[in-house]
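K.L.:
what follows is a predicted structure for the sequence shown.
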Amino acid sequence: MKPSRFSRFGRVALGFSLAAVLACWPLTPSLSASPVPYASEAIALTRILTDLLRRHLPDPLAQASENWGQQREVSGTRRRIRDWRIISEPYQEMRNDGLWRRLTLRVPQKDQLHVGIQNIDFPRRGCLRGVVLTVAERVDVQLEQQQWHNGLRLYACDTRAHCKVGLTLRAEVTSRREQPIGAFLPMYVLKVRILDARLDYGDIVVDHILGLDGKAARVVGDGIREVVRRLKPDFEEQLRRKAEAAVIHVTDNRELRITLDEWLRRAVTP
């Protein structure tokens, strides 16, 4: 058996939290007297999602580009000497051209990734919906820019910055209960869908601009904010897909199978 990455206490806590929240999903919950509806479910689900996202967060978090790798067709004539004569040969080829930009997001410290659950609802039996709020205290931003003309690179710049990022995901989790042969406790099969995503970020602080200083550096620093704004919809779609993949651990059938017997066995094994 592959050794668990959790400490003994962590496995016990997560196992019982998982059991608590799964136990309520197959049934339609009753009205709660708590001022926060389904508070216990939110706490348990928060712990599960925090652990999964921290362990399976992709690196880089997201990457988008404008005209990166752009080329244009060039035709002309080459002249060379053969047998003491000048020979002209036509050519047609693709060459790098234009302004290339590529923006990369990374989370340097995954332990600073915080997850919260809001607006939990049970629209039907075995289905839970909620809003997942994910906040990264620091996200590193890298902007690569290259200016090409007719196959020649005229300019290259690497800008490093950081900001605080918040990601709001509207998620749906459906579950079904199965009873494996010979098992004392049931198995729960979860299917997670991320319905949509919204990306919010604080002020972008520029840390370093390679090869520039003074006024040129300030211009590039302002430019990175504009590039982030333009690429924001692309980032939101990427993060929606990657968050869904992280939560379900990239399983082939897009399902996560949780066997409670297995969780308890891990919890009591030193």
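P.N.:
All right, it came through fine.
K.L.:
mean confidence for the helix or strand hosting residue 226?
P.N.:
Using DSSP states H and E, residue 226 sits in helix 214-247. Averaged across helix 214-247, pLDDT comes to 73.
K.L.:
any low-confidence regions in this structure?
P.N.:
The model of the chain has pLDDT under 70 over residues 1-42, 183-185, 188, 210-221, 243-270.
K.L.:
and the longest strand along it, which strands flank it?
P.N.:
Ranked by residue count and defined by DSSP state E, the top strand of the chain is strand 152-178. Strand pairing for strand 152-178, determined by DSSP bridges: strand 127-149 (antiparallel), strand 187-201 (antiparallel), strand 205-210 (antiparallel).
K.L.:
excluding covalently adjacent residues, which one is nearest to residue 148?
P.N.:
residue 96 (4.1 Å; C-beta to C-beta, 6 or more residues apart in numbering). C-beta: built from backbone N, CA, C; applies to glycine.
K.L.:
quick one: residue 86 is in a strand?
P.N.:
Yes - with DSSP: H, G, I helix; E, B strand; the rest coil as the criterion, residue 86 is part of a strand.
K.L.:
quick one: contacts for it?
P.N.:
79-80 (C-beta atoms under 8 Å, 6 or more residues apart in numbering).
K.L.:
from residue 97, how far out is residue 103?
P.N.:
Distance, residue 103 to residue 97, by C-beta to C-beta, to the nearest Å: 20 Å.
K.L.:
higher neighbour count, the two?
P.N.:
Taking residue 103 and residue 97 together and counting by other C-beta atoms under 10 Å, residue 103 has the greater number of neighbours (24 against 18).
K.L.:
dihedrals phi and psi, the more buried one?
P.N.:
Backbone torsions of residue 103, given as degrees, to the nearest 10, read phi -120, psi 130.
K.L.:
my guess is it contacts residue 228, does it?
P.N.:
Yes - with contacts counted by C-beta atoms under 8 Å, residue 103 reaches residue 228, the gap being 6.7 Å.
K.L.:
overlap in contacts of these two?
P.N.:
residue 141.
K.L.:
show me where the stretch 1-150 of the chain has helices.
P.N.:
Per DSSP state H, counting those that start in this stretch, the stretch 1-150 of the chain carries helices over the ranges 8-24, 39-56.
K.L.:
dump the last one to CSV, keeping only the CA atoms.
P.N.:
Included here for helix 39-56 are C-alpha records, laid out as CSV according to Å, rounded to 0.1, in the frame of the first residue of the first chain:
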residue,chain,number,x,y,z
ALA,A,39,-22.3,25.1,8.7
SER,A,40,-21.0,21.7,9.6
GLU,A,41,-21.1,20.6,5.9
ALA,A,42,-19.3,23.7,4.9
ILE,A,43,-16.5,23.1,7.4
ALA,A,44,-16.0,19.5,6.4
LEU,A,45,-16.1,20.2,2.7
THR,A,46,-13.7,23.1,3.2
ARG,A,47,-11.1,20.8,4.8
ILE,A,48,-11.4,18.3,2.0
LEU,A,49,-11.1,20.8,-0.8
THR,A,50,-8.2,22.7,0.8
ASP,A,51,-6.2,19.4,1.1
LEU,A,52,-7.0,18.4,-2.5
LEU,A,53,-6.2,21.7,-4.0
ARG,A,54,-3.0,22.2,-2.1
ARG,A,55,-1.7,18.8,-3.1
HIS,A,56,-2.7,18.9,-6.7
